[in-house]
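Trainee: only the shape, not the letters, is given here:
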């Protein structure tokens, strides 16, 4: 009959693997979406995802899956501690890896306006026009700086002058979207930390069981 400790350990081990699946799925789907044609729905999101470490996310997910596989022998070998130690160190590595990804996204949110300004200047007129239509704005700072792209939203200079620049709404969207990404990454680090504690407790529990077993063997030998 499995102990409560082992049940908690297995539960968080599965959650740990699920986090790896979510990270892998998000990274691969995002890369696939970015290769598609830009639309009003995905243009802003794709520009932000292009700045995220998606390839590193895939690599991190692979390490998470490998770590989960290393935990399986420990589940079927009730006295083993070597596999658990290996898993514990790999979970720490994955946690640091994930924390680094989350911090890189978080740091980018501290300079959102400056980075988006550079990003805007690097885009084609089509992308700039889609952004104008999405946020109902003209130009980045305003209709003249840089000059707006004439489209269905900014039909002429008079209409464009009456609309705000895209910097405000675009920055607000970027901060909200990137906040979700790095918050999810930090949440995964929290799961990693709990799993490390579970691994440490299981190792301690098995150490005690081994010690008691040795004591019983000595007592049994002496009695014999």
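Mentor: Now that the structure is in, tell me what you want to look at. Computed from a prediction, not measured in an experiment: that's the story for all the values here.
Trainee: how about the contacts made by the most centrally placed residue in the chain?
Mentor: In the chain, the residue lying closest to the centroid (CA atoms, centre = their mean) is residue 185, at 3.7 Å. Remark: with contacts taken as CB atoms under 8 Å, 6 or more residues apart in numbering, residue 185 is in contact with 98-99, 101-102, 105. Just so you know, the C-beta spots here come from the backbone N, C-alpha and C atoms, and that holds for glycine as well.
Trainee: next one: residue 109
Mentor: Contact partners of residue 109, counting by CB under 8 Å, 6+ apart, are 174-175, 178-179, 182.
Trainee: try residue 61
Mentor: The contact partners of residue 61, by CB under 8 Å, 6+ apart, come to 20-21, 23-24, 27.
Trainee: what's the longest helix in this protein?
Mentor: Scanning the chain for the longest helix, with DSSP state H as the assignment, gives helix 167-223.
Trainee: all helices for the chain, in order.
Mentor: Under DSSP H, the chain gives helices at 4-34, 43-49, 54-76, 82-109, 112-122, 125-135, 157-161, 167-223.
Trainee: next, the angle from the longest one to helix 125-135.
Mentor: Here helix 167-223 points in a direction 90 degrees away from that of helix 125-135 (axes from the mean of the first three to the mean of the last three CA atoms, to 10 degrees).
Trainee: so residue 166 sits right up against residue 120, yeah?
Mentor: Yes. When contacts are counted by CB atoms under 8 Å, residue 166 is listed as touching residue 120 (7.5 Å).
Trainee: let me see the contact set for residue 192.
Mentor: Remark: with contacts taken as CB under 8 Å, 6+ apart, residue 192 is in contact with 16, 91-92, 94-95, 98.
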